[in-house]
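> Quick one, structure for this:
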Amino acid sequence: MEGKEEDVRVGANKFPERQPIGTSAQSDKDYKEPPPAPLFEPGELASWSFWRAGIAEFIATFLFLYITVLTVMGVKRSPNMCASVGIQGIAWAFGGMIFALVYCTAGISGGHINPAVTFGLFLARKLSLTRAVYYIVMQCLGAICGAGVVKGFQPKQYQALGGGANTIAHGYTKGSGLGAEIIGTFVLVYTVFSATDAKRNARDSHVPILAPLPIGFAVFLVHLATIPITGTGINPARSLGAAIIFNKDNAWDDHVMGLLGWTIHWCCTCCSLPRYSHQSHPIQVQKLKLIEFYLKSGFCS
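As a prediction, this is how the structure comes out:
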């Protein structure tokens with residue numbers, strides 16, 4: 001019994017490898033787990049670093065949308081893939097921009113640039129609810145402004161070339177698109193948690209990791225896999241910003257909001273929504289239909 005307890009306490013350090021490659025348990029370096037972030041932290045609202053972090057997230061997401069939407073439009077404008085950077089170039093644009101922007105903003109805001117990353121870190125108690133909501137709002141605003149600037153420069157080309165909006169490719173269902181997005185987002189968030197884990201940095205100091213590099217590569221690889229399916233929308237702010245500015249039926253129908261609306265429509269039995277009301281439409285048309293629906297019938301019986 002004592003021997004088993006000793007094995008549990010010592011772990012892999014009892015029989016270390018001759019040439020460690022990066023197993024975290026083989027180092028004697030001490031590490032103390034930081035306390036979880038409070039749910040609400042009113043004091044940070046009076047700190048300039050809090051507001052500066054949100055501004056950094058806004059600028060980063062703005063630049064991210066500006067560069068990537070222009071890249072997507074450039075590929076679609078070419079007569080064929082060989083005459084442009086192709087899918088590989090689009091994937092490199094997304095991954096490269098994430099690498100550069102995370103490197104630039106990591107010391108200011110943590111370099112999230114993605115509401116999915118922010119939400120995941122919030123669930124892990126790495127940041128407060130106040131900061132998480134602020135980041136997500138600034139990321140979405142930055143994405144909208146980034147796509148809006150592209151449209152402002154070349155409105156005709158923007159509308160004709162799809163505006164970088166995410167749409168499900170012909171031959172794929174919404175279910176397969178949603179599944180691809182869920183797995184792709186998991187790969188990204190998993191990489192973020194692994195690359196930024198302070199425990200790993202403390203114990204595996206002999207394996208230096210530049211966190212933005214694996215994160216950028218994860219974005220690159222996910223885009224290679226899912227661009228042919230959905231155009232890759234693992235960043236909700238990126239998808240939302242392009243959908244709002246492009247504002248066409250197909251962009252809204254295939255957006256994550258439309259997918260969730262489809263699911264809620266079939267799962268919520270208490271609602272008396274008419275059939276096909278879950279389908280999305282441009283903002284102005286959707287508002288008019290909602291107003292008409294509320295006037296004619298109650299939302300729930």
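
> and residue 91, what does it touch?
Contacts for residue 91 (CB atoms under 8 Å, 6 or more residues apart in numbering) come out as 220, 221, 223, 224, 227. For every residue, glycine as well, the C-beta is placed using N, CA and C.

> mind checking the SS state of the third one?
I take that to be residue 223. Using DSSP: H, G, I helix; E, B strand; the rest coil, the structure places residue 223 in helix.

> Setting the sequence-adjacent residues aside, check what's closest to it.
Distance criterion CB to CB, 6 or more residues apart in numbering; nearest residue to residue 223, sequence neighbours excluded, is residue 91 at 3.8 Å.

> ok, and the one you found, which helix or strand is that part of?
helix 86-105 (DSSP states H and E).

> buried ones in that helix?
Neighbour counts over helix 86-105 (16 or more other CB atoms under 10 Å) mark 89-103, 105 as buried.

> Please identify the one among those that lies nearest to residue 196.
Nearest to residue 196 among the buried residues of helix 86-105: residue 102, at 9.6 Å, using CB to CB.

> List the buried residues of stretch 166-186.
Within stretch 166-186, the residues that count as buried by 16+ other CB under 10 Å are 166, 167, 168, 177, 178, 180, 181, 184, 185.

> for the helix ranked longest in the chain, which positions count as buried?
Taking DSSP state H as the criterion, the chain has its longest helix at helix 48-77. For helix 48-77, the neighbour count (16+ other CB under 10 Å) marks 50, 53-54, 56-75 as buried.

> and what of stretch 34-47?
Neighbour-count burial for stretch 34-47 flags 37, 44 (criterion: 16+ other CB under 10 Å).

> Now do it: everything it contacts.
50, 125, 126, 127, 128, 129, 130, 131, 198.

> Can I get it in CSV? Just the C-alpha atoms.
Taking C-alpha atoms only, stretch 34-47 is exported to CSV below (Å, rounded to 0.1, in the frame of the first residue of the first chain):
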residue,chain,number,x,y,z
PRO,A,34,-3.4,30.8,-10.0
PRO,A,35,-6.8,31.4,-8.3
PRO,A,36,-9.9,31.5,-10.6
ALA,A,37,-11.0,34.9,-11.9
PRO,A,38,-14.0,36.3,-10.0
LEU,A,39,-17.4,36.2,-11.8
PHE,A,40,-17.8,40.0,-11.5
GLU,A,41,-14.8,42.3,-10.9
PRO,A,42,-16.2,45.9,-10.7
GLY,A,43,-12.8,47.3,-9.8
GLU,A,44,-11.4,46.6,-13.3
LEU,A,45,-13.9,49.0,-14.8
ALA,A,46,-11.9,51.8,-13.3
SER,A,47,-8.6,50.5,-14.8
